[in-house]
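Asker: please work out how this folds:
(one chain, ligands or ions: 2)
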Amino acid sequence: MRLAVIAGDGIGPEVVAEGLKVLGEVAPDLETTPYDLGAARWQRTGELLPDSVLDELRRHDAILLGAIGDPGVPPGILERGLLLRLRFELDHHVNLRPAKLFDGVRSPLAEPGAIDMLCIREGTEGPYVGNGGVLRRDTPQEIATEVSLNTAFGVERVVRYAFERAIARPRKHLTLIHKTNVLTHAGSLWSRTVEEVSAEFPEVTVAYQHVDAATMFFVTDPTRFDVIVTDNLFGDIVTDLAAAVTGGIGLAASGNLDASGTNPSMFEPVHGSAPDIAGTGVADPTAAVLSVGLLLEHLGRTEQAKKVNAAVAFDLSTRDPGAPIRTQEVGDRLAALA
Ligand code: NAI
Ligand code: MG
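Answerer: Numbering: from 1, shown residues only. Ligands and ions are numbered 1, 2, ... in the order given. All right, here's what the predicted structure looks like:
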């Protein structure tokens, strides 16, 4: 099995190094190939994602990504030309974001309870497809549109994936988050699809929340959620909140999946390149290590994934919450535990 590694910018290479340290411990047979993509390459050569590199990436079994982004690059260039392009070209229609409150981790909530959600965000449609335009720019009559695209095919495949994940979990519960009362066209498609697919999964109980009410419950009653399925934009927003209530950005892992298995799936910490702390050795590599866990699980290496997750769970339960994080020390501990 072959793994492509895009360490990227800022703290990306720092946390990926620790992720690979742990991976080397549990899966030494995985062959890794580094790819130089991100702000530094763009600044040096003007290249974002050459077609030849994309073709090479396609020939791997999975991709591990650190973070992409640099204050010296104008906004939108790396996001659209590299990150979003990877997701669209590789058809990463499932954006998987677990949010579990590990023992020993302090939530900002006074009484968080045992939070354990699996957020499934659609990754290739919605308002992120670039379907829009601008007229009369920089005039008082400027018009800007950003159209949300929802296809029966795209909604069905992500909803089906969510049901498959829900039925494999103890609670077997799925919540659709949308805004069906106002976004009635897309909302109706999402609701009808959930209802139709639910007929094939009679053991799964289904709930619905409007996205605004959902943000309230993420704070007041987050344990009501098990698996969540939602569109690209709502998913982007609620998963940051889910990360916040379960210990923050240093712990949030994600997978961008082509659930059909046609293209390699890509695993990455949710956080960005954190230029404010890059180079200081204080970034928490736990999110990157948990992303390695998701990657191993995706590749069917369940036992190896369990070892990674157990190492993280043990480390978090024994960490001194007041002690500063040292990136390499955390990686060394996790590698020794795994
Ligand atoms: P960010 O996630 O990089 O940083 C937000 C805050 O969280 C900062 O204070 C940072 O120091 C802290 N932080 C992030 N990761 C941490 C970790 N592992 N340990 C401890 N603290 C951590 O988000 P921000 O500042 O909005 O974006 C910085 C750059 O990253 C931008 O260029 C942005 O476009 C890019 N970005 C890239 C993403 C990706 O590659 N998928 C995702 C989000 C942002
Ligand atoms: Mg986001």
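Asker: CA atoms for contacts and neighbours, from now on please.
Answerer: Will do.
Asker: got phi/psi on the nearest residue to Val26 once chain neighbours are set aside?
Answerer: With sequence-adjacent residues excluded and distances taken as Cα to Cα, 6 or more residues apart in numbering, Val26 is closest to Gln304, at 5.8 Å. Here is the backbone geometry of Gln304 (degrees, to the nearest 10): phi -70, psi -40.
Asker: ok, how many other residues are close to Gln304?
Answerer: Residues near Gln304, counting by other Cα atoms under 10 Å, number 19.
Asker: begin at 389 from now on, thanks
Answerer: Yes, from this point I'll number from 389; that puts the last item at Gln692.
Asker: which SS state does Arg509 fall under?
Answerer: With DSSP: H, G, I helix; E, B strand; the rest coil as the basis, Arg509 sits in strand.
Asker: what is it paired to in the beta sheet?
Answerer: In this entry, Arg509 is beta-bridged to Asn483, Thr618, by DSSP bridges.
Asker: distance check, it against Leu571.
Answerer: Using Cα to Cα, to the nearest Å, Arg509 is found at 17 Å from Leu571.
Asker: residue contacts, the residue most central in space within the chain?
Answerer: The structure's the chain has its C-alpha centroid closest to Ser642; by Cα atoms, centre = their mean the separation is 2.8 Å. Ser642 sits next to 483-486, 655-658, 679, 682 when contact means Cα atoms under 8 Å, 6 or more residues apart in numbering.
Asker: Pro500 now?
Answerer: 609-611, 633.
Asker: Asn620 contacts Arg509, doesn't it?
Answerer: Yes. Applying Cα atoms under 8 Å, one finds Asn620 in contact with Arg509, separated by 5.6 Å.
Asker: and the two? Which one has more around it.
Answerer: Comparing Asn620 with Arg509 by other Cα under 10 Å, the one with more neighbours is Arg509, at 28 against 24.
Asker: can you list the residues of this structure near ligand 1?
Answerer: 455-459, 637-638, 658-665, 671-673 (Cα under 6 Å from any ligand atom).
Asker: kindly provide the distance from Arg612 to Gly412.
Answerer: Taking Cα to Cα, one finds Arg612 at 37 Å from Gly412.
Asker: what do you get for Phe541?
Answerer: 38 Å.
Asker: the two: which has the busier surroundings?
Answerer: Under the neighbour definition other Cα under 10 Å, Phe541 and Gly412 were set side by side, and Gly412 has more, 16 against 9.
Asker: following element in sequence after the helix or strand where the residue nearest to the centre of the chain lies, please.
Answerer: Secondary structure assigned from DSSP states H and E places Ser642 in strand 641-645. Under the assignment DSSP H and E, the closest C-terminal helix or strand after strand 641-645 is strand 653-657.
Asker: got the domain ranges for this protein?
Answerer: 389-481+663-726, 495-634 (automatic domain parsing).
Asker: columns mean pLDDT on top of those domains, output as JSON lines?
Answerer: As requested, these are exported to JSON lines (pLDDT from 0 to 100):
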{"stretch": "domain 389-481+663-726", "mean pLDDT": "96"}
{"stretch": "domain 495-634", "mean pLDDT": "97"}
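Asker: and the ones you listed: which comes nearest Asp646?
Answerer: For the domains of the chain, the distance to Asp646 is smallest for domain 389-481+663-726, at 4.5 Å, taking Cα to Cα.
Asker: number of nearby residues for Ile493?
Answerer: Just to correct that, residue 493 is Val rather than Ile. Neighbour number of Val493 under other Cα under 10 Å is 19.
Asker: now do the same for it: helix, strand or coil?
Answerer: Val493 - assigned by three-state DSSP - is coil.
Asker: residues contacting it?
Answerer: 634-635, 704-705, 709.
Asker: these two touch, right, Val718 and Pro673?
Answerer: Yes. In terms of Cα under 8 Å, Val718 counts as a neighbour of Pro673; the distance is 7.0 Å.
Asker: now the strands for this protein?
Answerer: 390-396, 419-422, 450-455, 482-488, 504-510, 520-523, 531-534, 561-566, 593-598, 615-618, 641-645, 653-657 (DSSP state E).
Asker: same list, those strands, but as CSV with distance to Ile465 please.
Answerer: Output for the strands of the chain, formatted as CSV (distance: least, Cα to Cα, whole Å):
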stretch, distance to Ile465
strand 390-396, 14
strand 419-422, 22
strand 450-455, 14
strand 482-488, 21
strand 504-510, 22
strand 520-523, 17
strand 531-534, 18
strand 561-566, 29
strand 593-598, 33
strand 615-618, 26
strand 641-645, 20
strand 653-657, 19
